[in-house]
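In: Sequence and predicted structure are below.
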Amino acid sequence: MDPFEGLPIFGDLARLFQQSGTAAWDAARQLAGQLASGGESEPNVDPTDRIAIEQLARVAELQVAKETGLTSSSEISILATTRTNWATTTLAAYRPLFEQLAASLGDPPAVDDDDPTAAMFGTLMQMLAPMMLGMTAGSMVGQLARRSLGSYDLPLPRPLGEPLLVVPANLDELAREWSLPADDLRLWVSVHDVASHLVVHVPSIHARLVDLLERYVSSFRSDPTSLESSLGELDLGDPSSLERLQASLQDPDTVLGAIRSPEQDALLPELEALVAVIVGYVDHTVDRVAGELIPSARMLSEALRRRRVTADPSDRFVERLLGLELGQDQYDRGQRFVEGVLERAGTEGLSRLFESEVTIPTPAEVDAPGLWLARIELPTPEPPDL
């Protein structure tokens with residue numbers, strides 16, 4: 001008797017597993033779109049909103065460039081779009097990372113041949129984990145589309161030359177719920193996304209960030225003993241036990257806990273340090289630019305920064321999949337680094353971040369800006385005589 005017979009989820013996964021290439025991603029894209037729209041047809045963006053938001057791109061780019069000195073090798077545009085289009089476009093942008101992640105799960109795990117239960121879980125993980133994560137990619141991106149304001153809620157590089165996306169439906173909903181000025185909110189998000197786009201596409205930052213992300217997602221490993229431990233004792237003859245198995249395999253945290261590796265734990269300090277610097281610099285830039293352009297900038301910054309650290313579980317799962325667990329401590333860490341550099345070396349010192357990969361701070365230097373300035377041989381001022 002097939003031990004998996006009678007479990008609907010396995011039939012669904014088997015059918016998805018048999019699909020390959022474009023067909024599999026078409027299924028993921030359809031799932032993302034359905035969740036983003038709630039299964040209903042979305043109206044097109046109002047042309048007035050579309051034109052107004054497009055005009056914000058140039059304002060944001062000019063002001064961010066003036067503040068930071070950063071420019072783009074290609075024109076930056078902003079497109080007002082629907083949740084469905086945001087989801088499918090984002091899934092395409094993240095696809096290389098998810099494909100590498102799935103490929104890393106294709107290697108069969110090492111198991112004890114004398115342990116049939118471990119062998120069964122090993123086969124189960126090898127079969128299910130890549131497809132589970134593929135389904136999860138579509139599911140989680142679709143759910144993210146329900147609340148994401150722009151392209152850079154997560155500091156993941158978007159392709160150069162493609163427009164940045166903002167979602168008026170989500171912006172207007174947030175403005176109503178939090179009593180925020182709608183026009184000011186649109187400009188604030190435009191400045192934030194342009195600043196983020198310019199920073200993550202600085203050649204040295206982009207190369208390091210992409211390298212760390214690719215190494216992280218390529219280091220997922222199947223661990224049948226972890227899955228077995230998560231699921232507890234399984235009695236294949238007990239219908240209730242099989243139901244628990246099915247429910248557990250639909251829980252992303254169970255799958256994630258089963259496949260995270262020591263290699264990833266070793267990579268996290270460097271990835272977290274780089275991301276802290278990125279978000280800290282972006283926040284500083286947004287505060288400076290928005291403070292001059294937007295009357296309600298302080299209120300918007302406070303509201304949006306509270307919102308981003310009270311994210312939904314779906315947000316957090318995507319972050320953990322990619323090694324980007326952005327809690328308040330990460331944002332505070334980046335802010336402290338930027339403030340520490342500015343106090344010691346001013347804006348000239350802060351601009352050294354973007355010279356080369358050599359000037360990217362190490363994890364220890366993020367927590368001690370003076371060490372970073374000393375390493376890149378930028379003198380700090382002597383303390384005043386008392």
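Out: Arrived safely.
In: top helix in the chain by residue count?
Out: helix 262-293 (DSSP state H).
In: now for that helix, which elements pack on it?
Out: Contact here means 3 or more C-beta pairs under 8 Å, 6 or more residues apart in numbering; DSSP states H and E; on that basis helix 262-293 packs against helix 47-68, helix 182-200, helix 203-217, helix 297-308, helix 328-351, helix 363-367. For the C-beta atoms, the positions are set from N, CA and C on the backbone; glycine is no exception.
In: most packed of those helices?
Out: Stretch with highest mean neighbour count among the helices and strands packed on helix 262-293: helix 182-200 (a mean of 24; mean count of other C-beta atoms under 10 Å).
In: Output it as CSV, restricted to C-alpha atoms.
Out: Taking Å, rounded to 0.1, in the frame of the first residue of the first chain, the C-alpha atoms of helix 182-200 are listed here in CSV:
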residue,chain,number,x,y,z
ALA,A,182,-3.0,60.8,0.6
ASP,A,183,-0.9,63.0,-1.7
ASP,A,184,1.9,63.4,0.9
LEU,A,185,1.9,59.6,1.4
ARG,A,186,2.3,59.0,-2.4
LEU,A,187,5.3,61.4,-2.5
TRP,A,188,6.9,59.9,0.6
VAL,A,189,6.7,56.3,-0.9
SER,A,190,8.1,57.6,-4.2
VAL,A,191,11.1,59.1,-2.4
HIS,A,192,11.6,56.0,-0.4
ASP,A,193,11.5,53.7,-3.4
VAL,A,194,13.7,55.9,-5.5
ALA,A,195,16.3,56.1,-2.7
SER,A,196,16.1,52.4,-2.1
HIS,A,197,16.5,51.7,-5.8
LEU,A,198,19.6,53.9,-6.1
VAL,A,199,21.3,52.5,-3.1
VAL,A,200,20.8,48.8,-3.9
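In: Can you check what angle separates it from helix 262-293?
Out: Helix 182-200 runs at 130 degrees relative to helix 262-293, counting by axes from the mean of the first three to the mean of the last three C-alpha atoms, to 10 degrees.
In: Can you point out the buried residues in the longest helix of the chain?
Out: Using 16 or more other C-beta atoms under 10 Å as the test for burial, helix 262-293 gives 264, 267, 270-290, 293.
In: could you pull out the helices for the stretch 51-200 of the chain?
Out: 83-104, 116-144, 168-178, 182-200 (DSSP state H, counting those that start in this stretch).
In: Figure out which of those is closest to Asp49.
Out: Asp49 lies closest, by C-beta to C-beta, to one member of the helices of the stretch 51-200 of the chain: helix 168-178, at 4.9 Å.
In: Any idea which helix or strand in the chain has the lowest mean pLDDT?
Out: Taking mean pLDDT, DSSP states H and E as the measure, the chain has helix 8-18 as its least confident helix or strand, at a mean of 47.
In: low pLDDT regions in this protein?
Out: Under the criterion pLDDT under 70, the flagged ranges of the chain are 1-24, 105-134, 222-258, 311-315, 378-386.
In: List the contacts of the residue nearest the centre of it.
Out: Closest to where the C-alpha atoms of the chain average out (C-alpha atoms, centre = their mean) is Leu154, at 3.9 Å. If you count contacts by C-beta atoms under 8 Å, 6 or more residues apart in numbering, Leu154 has them with 318-319, 322, 324, 326.
In: wait, isn't Ile294 in contact with Leu304?
Out: No - if you go by C-beta atoms under 8 Å, Ile294 and Leu304 don't touch, sitting 11.9 Å apart.
In: Spit out the residues that contact those two alike.
Out: What both Ile294 and Leu304 touch, as defined by C-beta under 8 Å, 6+ apart, is the set Trp188.
In: what does stretch 285-301 rub up against?
Out: 59-60, 63-64, 67-68, 180-181, 184-185, 187-188, 191-192, 195, 199, 283.
In: Now with 7 Å, please.
Out: Here stretch 285-301 makes contact (C-beta atoms under 7 Å, 6 or more residues apart in numbering) with 63-64, 67-68, 180-181, 184-185, 187-188, 191-192, 195.
In: closest to Ile376 among those residues?
Out: Checking the contacts of stretch 285-301 against Ile376 by C-beta to C-beta gives Thr68 as the nearest, at 18.2 Å.
In: contacting residues around that closest one?
Out: 198, 285.
In: change it to 10 Å
Out: By C-beta atoms under 10 Å, 6 or more residues apart in numbering, the contact set of Thr68 is 195, 198-199, 202, 281-282, 284-285, 288-289, 347, 350-351, 354.
In: Isn't Pro269 up against Pro361?
Out: No - checked against C-beta atoms under 10 Å, the pair Pro269 and Pro361 is beyond contact range at 11.9 Å.
In: you'd agree Ala175 is up against Arg186?
Out: Yes - Ala175 is in contact with Arg186 according to C-beta under 10 Å; the separation is 8.8 Å.
In: Need the residues touching each of those two.
Out: Listed contacts common to Ala175 and Arg186 are Pro168; contacts here mean C-beta under 10 Å, 6+ apart.
In: Look up how far Leu324 lies from Glu177.
Out: 25 Å (C-beta to C-beta, to the nearest Å).
In: Of those two, which one has the most company?
Out: Leu324 (20 against 10; other C-beta atoms under 10 Å).
In: Would you mind giving the secondary structure of the more buried one?
Out: coil (DSSP: H, G, I helix; E, B strand; the rest coil).
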